[in-house]
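Asks: the following comprises the amino acid sequence and a computationally predicted model.
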Amino acid sequence: LGIAVGPTLGGLVYDAAGFAALALVYAGLSAAMLVALACAPPPPEGSRSRGGRLGRDAWHTARAPAVRTVLLSSFVVMYVISVKSTFYPLVLEDRGVPVPLIGVLLSVMGVASLAVRPLLPAATRRLGAGPVMVAGTVVGVVGISLTPWLVHPVLLVAAAVVTGAGYGSNPPVVMQLLTEH
C-alpha cells in the first residue's frame with residue numbers, strides 16, 4: 001500500500017502545501033509506525049540469532065560464481081531503485097513535469113514492481129531463474145535509462161511500468177537463486 005499510495009500522496013501534498021507539510025505528513029506516519037512497533041508482541045523464544053561465524057560464512061558463500069552473479073544483479077537493481085528515488089524526480093521536475101504526475105509515475109513503478117511477482121513462478125519454471133533475473137535487471141535498467149528522453153506522458157508511464165517490473169522481479173528470483181546455491 002505504501003509503495004502504491006506513498007508517492008502519489010507525497011506529490012499531491014507537496015503540490016498543495018509544500019515540502020514542510022509533506023515532511024510533517026511523513027513524520028506523522030513514521031511516528032505512528034514507531035508506536036505500532038512499540039506495541040508489537042516480542043518475538044517467540046529461541047528465534048534470536050546466537051551470532052558466531054556469520055562473517056566467515058558470508059565470505060565463503062560470496063565466493064561462489066552463482067552467488068556473485070546474484071550479488072551483481074542485486075547491486076544493479078539497487079542502483080536503479082536509488083536513481084528512481086533521487087534523480088528521477090529531479091530530472092522530471094526540471095523538464096517541467098508536474099510534481100503530482102511524478103508522484104503518480106513513482107506509484108506506477110511501485111505497483112508494477114508488485115504486479116510482476118505473480119508471473120515469476122511460471123517464468124522461472126519455463127526459462128530458469130537465472131535468465132529471469134538477468135532479464136528483469138536489463139528491463140529495469142532500460143526503463144529508467146530511457147526516461148530522460150521520453151516526453152509524452154504515456155511513454156513516461158510505459159517506462160515507469162517497465163522500470164518497476166524490472167526491479168520488482170529481482171528480489172524473489174534472487175532469493176530463489178540464493179537458496180539453490
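Replies: In hand now; what should we look at?

Asks: okay, and for this structure, where does confidence drop off?
Replies: Under the criterion pLDDT under 70, the flagged ranges of the chain are 1-4, 43-44, 46-64.

Asks: longest helix of it?
Replies: helix 153-180 (DSSP state H).

Asks: report the buried residues of it.
Replies: 156-157, 159-170, 172-174, 176-177 (16 or more other C-beta atoms under 10 Å). Yep, even glycine has a C-beta here, placed from its N, CA and C like the rest.

Asks: and if you look at stretch 115-128?
Replies: 116, 120, 123, 124.

Asks: figure out the length between the terminal residues of it.
Replies: One end of stretch 115-128 sits 20 Å from the other (C-alpha to C-alpha, to the nearest Å).

Asks: chain center to it, what's the gap?
Replies: Stretch 115-128 sits 18 Å away from the centroid of its parent chain (C-alpha atoms, centre = their mean, to the nearest Å).

Asks: got it, and stretch 84-98?
Replies: When distances are taken as C-alpha atoms, centre = their mean, stretch 84-98 is centred 17 Å away from the chain's centroid.

Asks: what lies in contact with that stretch?
Replies: Applying C-beta atoms under 8 Å, 6 or more residues apart in numbering, the external contacts of stretch 84-98 come out as 15, 99, 101-102, 105-106, 109, 144, 147-148, 156, 163, 167.

Asks: and the residues you listed, which are buried?
Replies: Using 16+ other C-beta under 10 Å, the buried ones in the contacts of stretch 84-98 are 99, 101, 102, 105, 106, 109, 144, 147, 156, 163, 167.

Asks: name the helix or strand for the closest residue to residue 168 other than its chain neighbours, please.
Replies: Distance criterion C-beta to C-beta, 6 or more residues apart in numbering; nearest residue to residue 168, sequence neighbours excluded, is residue 113 at 2.7 Å. Using DSSP states H and E, residue 113 sits within helix 99-115.

Asks: now that helix and helix 153-180, what's the angle there?
Replies: Here the directions of helix 99-115 and helix 153-180 differ by 30 degrees (axes from the mean of the first three to the mean of the last three C-alpha atoms, to 10 degrees).

Asks: immediately after helix 99-115, which helix or strand?
Replies: Next element after helix 99-115 (DSSP H and E): helix 120-127.

Asks: about what we covered before: who does the helix holding residue 113 touch, helix- and strand-wise?
Replies: Helices and strands touching helix 99-115, as assessed by 3 or more C-beta pairs under 8 Å, 6 or more residues apart in numbering; DSSP states H and E, comprise helix 2-17, helix 87-94, helix 153-180.

Asks: distance to residue 30 added to those, as CSV?
Replies: Converted to CSV, the helices and strands packed on helix 99-115 look like this (distance: least, C-beta to C-beta, whole Å):
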stretch, distance to residue 30
helix 2-17, 11
helix 87-94, 20
helix 153-180, 23
